[in-house]
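J.: Build me a structure from this.
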Amino acid sequence: MAVIVSSHLLSEMEMMCDRIGIIQNGKLIDVQHISDFVQGKEKVYEVEVDAPDKAQRLLKNIYPELPIQVTESKVFLPLVRDSIPEMIKEFVREDIKIFAVREVTKTLEDRFLEVTEYKGGAEHARIDSK
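T.: Model (predicted):
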């Protein structure tokens, strides 16, 4: 049995639904299990370091295709979990101090905005759940 709910209250949809569909400009653009949709294939990791600019340069050499963001003390990058030990080894080799490595948890709203902005803007998109 399926119940279809259309809502802009994405935090509530995340709590009560197991699958979601995104409709944008009148077209169904995606249907997935909510956990698969929110997490995606690669997870984003937050790495707290003493030299984020140096860490960014090193990571760009190792992973030139990855989008890497830097703040005052952190580096954010999408990685598969198995790549983390190699990244840490490279940081240690380059004398970059690591204080923490955390997985960044995305919400349904975060992913919805990523998908709809990428596909032409969120102004005409909505989410339906099953």
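
J.: Do I have it right that Ile88 meets Phe99?
T.: No. In this structure, Ile88 is not within contact of Phe99 by C-beta atoms under 8 Å, at 11.8 Å. Where C-beta positions appear, they are placed from N, C-alpha and C, glycine not excepted.

J.: Name the residue in those two with the higher neighbour count.
T.: Between Ile88 and Phe99, counted using other C-beta atoms under 10 Å, the more crowded position is Ile88 (14 against 10).

J.: ok, the more buried one - contacts?
T.: Contact analysis of Ile88 by C-beta atoms under 8 Å, 6 or more residues apart in numbering lists Ile98, Val101.

J.: Just confirm it is within a helix.
T.: Yes. Assessed with DSSP: H, G, I helix; E, B strand; the rest coil, Ile88 lies in a helix.

J.: State the distance from it to Asp110.
T.: Going from Ile88 to Asp110 by C-beta to C-beta, to the nearest Å gives 26 Å.

J.: can you check Glu14 too?
T.: For Glu14, the distance to Asp110 (C-beta to C-beta) stands at 10 Å.

J.: ditto for Leu9
T.: Look at Leu9 and Asp110: by C-beta to C-beta, they are 15 Å apart.

J.: more neighbours, these two?
T.: Asp110 (14 against 11).

J.: any residues in contact with both of Glu14 and Asp110?
T.: What both Glu14 and Asp110 touch, as defined by C-beta under 8 Å, 6+ apart, is the set Val38.
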